[in-house]
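Engineer: compute the structure for the input listed below.
(one chain, ligands or ions: 2)
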Amino acid sequence: MTNNLLKGVNLYLVGMMGAGKSTVGQILAQHLGYGFVDTDSVIEKAAGGRSITQLFEDEGEVGFRQLETQVLAQVCAFTKLAIATGGGIVIKQENWSYLHHGLIVWLDVPVEILYARLAEDTTRPLLQDNDPKGKLRSLLEQRQHLYSQADLRITVSEGETPEQIATRVLDEIPGVLKPIEK
Ligand SMILES: Nc1ncnc2c1ncn2[C@@H]1O[C@H](COP(=O)(O)OP(=O)(O)O)[C@@H](O)[C@H]1O
Ligand SMILES: O=C(O)C1=C[C@@H](OP(=O)(O)O)[C@@H](O)[C@H](O)C1
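Structural biologist: Ligands and ions are numbered 1, 2, ... in the order given. Below you'll find the predicted structure:
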């Protein structure tokens, strides 16, 4: 039912690193009969197969953010996609003009859960810090007001499975589609 209502409009998943945007995005794509895109993966391909970590090293965060905007601009030309964005996509005002082509879903996950998921992760350059939990906390503080501009906020609790979260997203979409008439 939700896929009929969506009429091919893209779903953009936003939220902090480790929020589950890729994991939940893939499940949503399956349920909706949509394609799935992870902007970080497209960026890596566009950068000749360099990893996000390598890109941060070579081009700095500024270079990475430029590529991120270019990739977002390209992706939003398509329809019927669930798109897992990078956690920092919300910080550039320009990116919002692309995100608003679709329905924006914020996976809001507490820092304690994010940290538990990412404590051993080495693929997120911004977390290679002496105090990764503090870093997550400060990034969330800086970005919270931006994430909250999403059309739909899904607050995730400890122990909720990706499938349960995807189901909640699908259940809540009809309620936000009506007021914004996308
Ligand atoms: N609901 C969940 N419960 C437990 N682990 C999860 C959940 N969602 C995602 N994960 C795990 O957390 C990590 C980060 O998930 P990922 O989808 O890559 O996040 P993001 O794309 O937002 O950075 C992965 O190891 C993934 O398996
Ligand atoms: O929060 C951020 O600024 C970033 C999040 C990462 O994506 P995920 O949210 O998929 O981890 C990736 O784009 C890059 O490391 C920067």
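Engineer: and for P110, the neighbour number?
Structural biologist: 15 (other C-beta atoms under 10 Å). C-beta here means a position set from N, CA and C on the backbone, and glycine is covered the same way.
Engineer: scratch that, V90
Structural biologist: 24.
Engineer: can you list the weak-confidence ranges in this protein?
Structural biologist: The chain contains residues with pLDDT under 70 at 1, 178-182.
Engineer: report back the residue of it that's furthest from centre.
Structural biologist: Outermost residue of the chain with respect to the C-alpha centroid, by C-alpha atoms, centre = their mean, is N130; its distance is 24.9 Å.
Engineer: hmm, the longest helix along the chain touching ligand 2?
Structural biologist: Across the chain, the longest stretch assigned as helix under DSSP state H is helix 52-75. Yes: for helix 52-75, a contact with ligand 2 is found by C-beta under 6 Å from any ligand atom, at I52.
Engineer: which SS class is E160?
Structural biologist: With DSSP: H, G, I helix; E, B strand; the rest coil as the basis, the three-state label of E160 is coil.
Engineer: so how far is ligand 2 from it?
Structural biologist: Per C-beta to the nearest ligand atom, to the nearest Å, E160 is found 18 Å from ligand 2.
Engineer: ok, now which ones touch that residue?
Structural biologist: By C-beta atoms under 8 Å, 6 or more residues apart in numbering, no residues touch E160.
Engineer: skip the chain neighbours and tell me the closest residue to V42.
Structural biologist: V71 (4.8 Å; C-beta to C-beta, 6 or more residues apart in numbering).
Engineer: pretty sure that neighbour sits against A46.
Structural biologist: Yes: between V71 and A46 there is a contact under C-beta atoms under 8 Å: 6.1 Å.
Engineer: who has more neighbours, these two?
Structural biologist: Taking neighbours as other C-beta under 10 Å, V71 and A46 compare with V71 leading, 25 against 16.
Engineer: tell me which element V37 is part of?
Structural biologist: strand 35-38 (DSSP states H and E).
Engineer: residues of this structure that sit close to ligand 1?
Structural biologist: So the chain meets ligand 1 at 15, 17-23, 84, 117, 160-162, 165 (C-beta under 6 Å from any ligand atom).
Engineer: which ChimeraX command selects the buried ones in the residues you listed?
Structural biologist: Of those, the buried ones can be selected in ChimeraX as follows, counting by 16 or more other C-beta atoms under 10 Å:
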select :15,17,18,19,20,21,22,23,84,160,162,165
